[in-house]
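A.B. asks: Fold the following and give me the result.
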Amino acid sequence: MKLETLKVRICFFGDSFINGTGDDECLGWVGRLCAAERRAGADLTVYNLGIRRDTSEDILRRWKPEAAVRLPVDSDGRLAFSFGVNDLAPDDELGRPRISEGASLQNAHDILSEASAWRPTLMMGPLPVTSSQARNDQIRSYSEQLSGLCASLGVPYFDAAPFAAEVYETWRKEADAGDGIHPNAESYSALASAIHRWRPWRRLFET
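C.D. replies: Okay, the predicted model is just below:
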């Protein structure tokens, strides 16, 4: 099927990195990625449903009802998820995570198993781009487990670690100029380009 004949709706669920927080152009990687598809001829409707500080628990609770009203039965719908960094963020003086790693992975299983049984689904891995090496190591370990979970469910997984290593200096420079966490336009644009080249993303427009 030719790209220009498709009429696709995509819901993106996640946290501030889905939302594009920190981008002066208010596009983030989602807006840039989908704009590129529209320029290529896709009749694409995009729903950015990223919420700052959302955890996997929040997304588990809200994704299905929010998607259901945006992807009616007769629509060609897709789902994309990205979460996990907020789960691992320390929640108290002892540094315990907001959501334990085990609970987070169980939430991911529950979200992705139901989502992929309903619509074509992708998972974008968490970005290890904080200024703390210990936190980055924790995120990478979580990402590896999340990758294995996605493989067991047959859900394509975008491993963000190689991308983060390539753009780390630019990402940190932009983040440090802002709130210390979120980058700006250049880094989001680079992430959009990386996902645009990712084969599973391309396949969304071939089925």
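A.B. asks: buried set for stretch 167-183?
C.D. replies: Buried residues in stretch 167-183, counted by 16 or more other Cβ atoms under 10 Å: 167, 171, 172, 174, 175, 181, 182, 183. Using the backbone N, CA and C atoms, a C-beta is placed for each residue, glycine as well.
A.B. asks: Can I get the helix or strand where residue 44 lies in CSV? Just the C-alpha atoms.
C.D. replies: Here residue 44 is covered by strand 43-50, with elements defined by DSSP states H and E. The C-alpha trace of strand 43-50 is given here as CSV (Å, rounded to 0.1, in the frame of the first residue of the first chain):
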residue,chain,number,x,y,z
ASP,A,43,-2.6,11.4,6.0
LEU,A,44,-1.6,11.3,9.7
THR,A,45,-3.6,12.3,12.8
VAL,A,46,-1.4,12.6,15.9
TYR,A,47,-2.4,12.5,19.5
ASN,A,48,0.4,13.5,21.9
LEU,A,49,-0.7,12.2,25.3
GLY,A,50,2.4,12.7,27.2
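A.B. asks: Show me what it is in contact with.
C.D. replies: 4, 6-20, 28, 30-31, 34, 37-38, 63, 66, 70, 82 (Cβ atoms under 8 Å, 6 or more residues apart in numbering).
A.B. asks: Among those residues, the buried ones, what's the PyMOL command?
C.D. replies: Applying 16+ other Cβ under 10 Å to these leaves a buried subset, and the PyMOL line that selects it is:
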select buried, resi 6+8+9+10+11+12+13+14+15+16+17+18+19+20+28+30+31+34+37+63+82
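A.B. asks: centre of the chain versus the longest helix anywhere in the chain, how much separation?
C.D. replies: Secondary structure assigned by DSSP state H gives helix 133-153 as the longest helix of the chain. Here helix 133-153 is found 14 Å from its chain centre; the criterion is Cα atoms, centre = their mean, to the nearest Å.
A.B. asks: helices or strands up against that helix?
C.D. replies: In this structure, helix 133-153 packs against helix 85-88, helix 101-118, strand 157-158, with contacts taken as 3 or more Cβ pairs under 8 Å, 6 or more residues apart in numbering; DSSP states H and E.
A.B. asks: can you list contacts of that helix?
C.D. replies: With Cβ under 8 Å, 6+ apart as the criterion, helix 133-153 contacts 84-85, 87-88, 101, 104-105, 108-109, 112-113, 116, 123, 125-130, 156-157, 159-161.
A.B. asks: Would you mark the buried spots in that helix?
C.D. replies: Those would be 135, 136, 138, 139, 140, 142, 143, 146, 147, 149, 150, 153, for helix 133-153 by 16+ other Cβ under 10 Å.
A.B. asks: Also stretch 107-121?
C.D. replies: Neighbour-count burial for stretch 107-121 flags 107, 108, 109, 111, 112, 113, 115, 116, 119, 120, 121 (criterion: 16+ other Cβ under 10 Å).
A.B. asks: for stretch 84-97, same thing?
C.D. replies: Quick answer for stretch 84-97 (16+ other Cβ under 10 Å): 84, 85, 86, 87, 88, 89, 97.
A.B. asks: what sits against the fifth one?
C.D. replies: In other words, residue 88. When contacts are counted by Cβ under 8 Å, 6+ apart, residue 88 touches 97, 98, 99, 101, 104, 126, 135, 138, 139, 142.
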